[in-house]
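A.B. asks: here is my input, please return the structure:
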Amino acid sequence: MRELESVDPGRPKDPRQPVVRSAQLEVNAVEPLEGRLVRLTLSDGSVVQRDLTDLLAGGGVFAPIAADDFVFRRVSVDYGSIVWPGDVDIAPETLIWDGPTPADEATRRPERFLRPQPPRYRPLHGAGAPGGLLVRSDSNS
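C.D. replies: Just a heads-up that it's a prediction; the model follows:
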C-alpha cells in the first residue's frame, strides 16, 4: 500500500522536520510528563514546559483529560497546537503566552515554565448585557 502525500503544504513529509506556517510561534512537538505537565517544542526551536492542571480543571470537554492519565497522554500536535482525541485542543497563544499573542512577540521569548490560567470573562457591555455577551478580560477589546 502506497502512503499518500500530505495535502497540507505546511506539513513536511518527514515528521521530524518542524512545521513552519507563519511568523507566530506554534507548537511543533509535545511530550506528556508527570501529572498534567507537558514539554513543548516551539516553531523557533525553543523547548518549554507547561503545567496544564488549572486549564484542565475547568471541566466540560477537559474533564476526561484532567481525570484520566491515559487520556491525557494521548495528546498530539495538530495545526500548531496540542489536541486530544475528540478534537479537544488548547489555543497555542494560551499555551505559549498564557493569553493573547503579545505585540512584541518577534523579540520576546516565552517563559521556560508557565502554569497557564483559564481565561476570565467579563460582560461586554456591563453586568446584565443583552444576550449575555462576554469578552476575555485579558483581551485588548
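A.B. asks: going by contacts, tell me the helices and strands next to the helix or strand hosting Leu95.
C.D. replies: Using DSSP states H and E, Leu95 maps to helix 92-97. Applying 3 or more C-beta pairs under 8 Å, 6 or more residues apart in numbering; DSSP states H and E, one finds that helix 92-97 contacts strand 27-32, strand 37-42, strand 81-84. For the C-beta atoms, the positions are set from N, CA and C on the backbone; glycine is no exception.
A.B. asks: can you lay out those as TSV showing distance to Gly58, mean pLDDT and mean neighbour count?
C.D. replies: Formatted as TSV, the helices and strands packed on helix 92-97 follow (distance: least, C-beta to C-beta, whole Å; pLDDT from 0 to 100; neighbours: other C-beta atoms under 10 Å):
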stretch	distance to Gly58	mean pLDDT	mean neighbour count
strand 27-32	19	97	18
strand 37-42	17	96	18
strand 81-84	14	96	19
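A.B. asks: Val48: which of those strands is closest?
C.D. replies: With C-beta to C-beta as the criterion, Val48 lies closest to strand 37-42 of the helices and strands packed on helix 92-97, at 5.3 Å.
A.B. asks: quick check: what element follows the closest one along the chain?
C.D. replies: Downstream of strand 37-42 (by DSSP H and E), the next one is strand 47-51.
A.B. asks: so which elements touch that next one?
C.D. replies: Strand 47-51 packs on strand 37-42, strand 113-114, going by 3+ C-beta pairs under 8 Å, 6+ apart.
A.B. asks: coming back round to it: and of the helices and strands packed on helix 92-97, who's closest to Asp104?
C.D. replies: strand 37-42 (16.2 Å).
A.B. asks: ok and the closest one relative to strand 47-51, angle-wise?
C.D. replies: Angle of strand 37-42 versus strand 47-51, following axes from the mean of the first three to the mean of the last three C-alpha atoms, to 10 degrees, is 150 degrees.
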